[in-house]
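Enquirer: Build me a structure from this.
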Amino acid sequence: MKNLITRILSTPLDPASLHQVLDELNQSFDLTASCILSYNELDARKSNFTMSSLLRAHMTPQILGQAQSSEDDAQAYLALMQMPPQVFYTEHEALLAIGKENTDPSFIRKFCLTIGIVDRLASRLNNNGPWMDCLIIYTGTDAMTRRVSSDATLSLMTPIISGALTLGRYTQALRSKYNAVLGVLDGLGLGVFLIHPSGNVIEHNSEAQRILDLKDGLYLSSDKVLKASSYDKNAELNEIIKSALGCFIGEYQKKSRYVSITRPSKAYDYLISAKPLYDSLAELEENLMCAFVIVIDPSRKKSLSAEGLTLLGGLSQAESQIVNLMIKGLRPADVAQRRDVSINTIKTQLKGISRKLNCSSQSDLIRVAAATRIPIEEI
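Expert: Residues are numbered from 1 along each chain as shown. Predicted coordinates for the structure are as follows:
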């Protein structure tokens, strides 16, 4: 039972595992099948179908579409909305409560009979605006129906599932709000991880995912914790994240907020910073508290361009092309060969570029290029 509860509580960060929770629920309580869905009382719309293995095995796209669009069991859901929450009722009991008879052989009832299901029980988990989340238990015998109706332990699981679904909606809302912000940070070449006080990563942007995909010194553990491959560096990483999160419990963040993470490939180290993020003004999410962790990959390709320099110095097309090659590390002789011109021509053009940008060396060009990047072009 402890493992089941732990798995339920992990679903807000891993919604895809919810169907596995239902399979484990069925096994723990000897159930035929189960399903979680949301029902909209305004337009009789059903969504978020999450099914256990028996239903998944028989639920074709055609049957699922019919189940989602069918209105023949809408009265049962409307009745459930009026019943006390987190208590299981048979479909017949819910309909009787509003003076309706369960007589018509609906599409869903016919489908259930074909796979050995004789009855359905449902518990209204919660109401969020017009949406109602409910847990449906499918039974294969009348005896199983009676057992589920009186099983106090199974009823204890409903508030836990309800809380996990509510937290999942909260997490999804965070993801939606952060998408635009994280997208801009992608363009800046910054990998960003938002880390909950529990230590779990609640969101990260595309650049962060690119860094993880490299499998070159940083990774996410199975429980969504950011880790470094090196034992010593992992301890340093944990320390700066812990220090950032400690601000929320009254601890002073230590002076060092940065750490470099070595990479097995021997590429430039990652540079990581961690700071507390507390959204007291609810600009992103009310009372949001997390560690804002930034990862910089110095080896990231296409991190510099000549666009900013071109605008800054009013460079010609030829000058812009030369600068673009120079900031990529090519020497003047290499630029001349690439452009199929003499070295003297390149030197003359570099004098003009130097005058326009007030740069006396290639390192100066790279420095100004880094300071004048136009990241929006990369998003």
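Enquirer: contacts, neighbours, all on C-alpha from now
Expert: Will do.
Enquirer: I'd like to know how far the closest residue to residue 195 other than its chain neighbours sits from residue 121.
Expert: Nearest non-adjacent residue to residue 195, counting by CA to CA, 6 or more residues apart in numbering: residue 201, 4.4 Å away. Counting by CA to CA, to the nearest Å, the gap from residue 201 to residue 121 is 36 Å.
Enquirer: likewise residue 12?
Expert: Distance of residue 12 to residue 121, computed by CA to CA: 25 Å.
Enquirer: Repeat that for residue 243.
Expert: From residue 243 over to residue 121 (counting by CA to CA), the distance is 48 Å.
Enquirer: was I right about residue 325 contacting residue 335?
Expert: Yes - the criterion here is CA atoms under 8 Å, and residue 325 meets it with residue 335 at 6.6 Å.
Enquirer: pull the CA atoms of stretch 262-270 into PDB?
Expert: Output in PDB follows, covering the C-alpha atoms of stretch 262-270 (Å, rounded to 0.1, in the frame of the first residue of the first chain):
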ATOM      1  CA  THR A 262      33.500  18.800 -15.500                       C
ATOM      2  CA  ARG A 263      32.500  16.800 -18.600                       C
ATOM      3  CA  PRO A 264      33.700  13.300 -19.600                       C
ATOM      4  CA  SER A 265      34.100  14.600 -23.200                       C
ATOM      5  CA  LYS A 266      36.700  17.100 -22.000                       C
ATOM      6  CA  ALA A 267      34.700  19.900 -23.500                       C
ATOM      7  CA  TYR A 268      34.600  23.200 -21.600                       C
ATOM      8  CA  ASP A 269      33.000  22.800 -18.100                       C
ATOM      9  CA  TYR A 270      29.400  23.700 -17.600                       C
END
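Enquirer: Just the buried positions in that stretch, please.
Expert: 262, 263, 269, 270 (16 or more other CA atoms under 10 Å).
Enquirer: Adding pLDDT, distance to residue 347 and secondary structure as columns, could you present these in TSV?
Expert: Conversion of the buried residues of stretch 262-270 to TSV gives the following (pLDDT from 0 to 100; distance: CA to CA, whole Å; DSSP: H, G, I helix; E, B strand; the rest coil):
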residue	pLDDT	distance to residue 347	secondary structure
262	91	39	coil
263	93	38	coil
269	87	35	coil
270	89	36	strand
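Enquirer: what would these look like in JSON lines with distance to residue 63?
Expert: Formatted as JSON lines, these follow (distance: CA to CA, whole Å):
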{"residue": "262", "distance to residue 63": "53"}
{"residue": "263", "distance to residue 63": "50"}
{"residue": "269", "distance to residue 63": "53"}
{"residue": "270", "distance to residue 63": "50"}
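Enquirer: about what we covered before: quick one: which of residue 325 and residue 335 has more around it?
Expert: residue 335 (21 against 18; other CA atoms under 10 Å).
Enquirer: That one contacts residue 328, doesn't it?
Expert: No - Residue 335 lies out of contact with residue 328 (CA under 8 Å); the separation is 10.4 Å.
Enquirer: Name the residues contacting each of these two.
Expert: Here residue 335 and residue 328 share no contacting residue, scored by CA atoms under 8 Å, 6 or more residues apart in numbering.
Enquirer: Name whatever forms a beta bridge with the residue nearest the centre of the chain.
Expert: Closest to where the C-alpha atoms of the chain average out (CA atoms, centre = their mean) is residue 203, at 4.9 Å. For residue 203, the beta-bridge partners under DSSP bridges are residue 194.
Enquirer: Rounded mean pLDDT for the helix or strand harbouring residue 93, please.
Expert: Under the criterion of DSSP states H and E, residue 93 resides in helix 91-97. Average pLDDT, helix 91-97: 75.
Enquirer: Centre of the chain to the next helix or strand after that helix, how far?
Expert: Downstream of helix 91-97, the next assigned helix or strand under DSSP H and E is helix 107-114. Counting by CA atoms, centre = their mean, to the nearest Å, helix 107-114 is centred 36 Å from the centre of its parent chain.
Enquirer: Going by neighbour count, which residues in helix 107-114 are buried?
Expert: 109, 111, 112.
Enquirer: export the residues you listed to TSV and tack on distance to residue 191 and pLDDT?
Expert: Shown next, in TSV, are the buried residues of helix 107-114 (distance: CA to CA, whole Å; pLDDT from 0 to 100):
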residue	distance to residue 191	pLDDT
109	50	78
111	48	84
112	48	85
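Enquirer: if we can go back for a sec, check the spacing between the residue nearest to the centre of the chain and residue 331 real quick.
Expert: 42 Å.
Enquirer: got it, and residue 265?
Expert: 26 Å.
Enquirer: Could you do residue 54 as well?
Expert: Using CA to CA, residue 54 is found at 66 Å from residue 331.
Enquirer: next one: residue 193
Expert: 37 Å.
Enquirer: hang on, the earlier thing: would you indicate which residues of the helix holding residue 93 are buried?
Expert: 91, 92, 93, 94, 95.
Enquirer: Counting neighbours, what do you get for residue 16?
Expert: 11.
Enquirer: SS state for it?
Expert: helix (DSSP: H, G, I helix; E, B strand; the rest coil).
Enquirer: what does residue 127 give?
Expert: strand.
Enquirer: right, and it touches residue 133 too?
Expert: Yes - the pair residue 127 and residue 133 qualifies as a contact (CA under 8 Å) at a distance of 6.6 Å.
Enquirer: and the two? which has more neighbours close in?
Expert: residue 133 (24 against 17).
Enquirer: mind showing which ranges of the chain have poor pLDDT?
Expert: Filtered on pLDDT under 70, the chain yields the residue ranges 41-45, 69-74, 97-106, 128-129, 171, 173-188, 247-256, 278-288, 301-304, 370-379.
Enquirer: Any idea how many residues pack against the closest residue to residue 309 other than its chain neighbours?
Expert: Spatial nearest neighbour of residue 309, chain neighbours left out: residue 369 (6.1 Å); criterion: CA to CA, 6+ apart. Per other CA under 10 Å, the neighbour tally for residue 369 reads 23.
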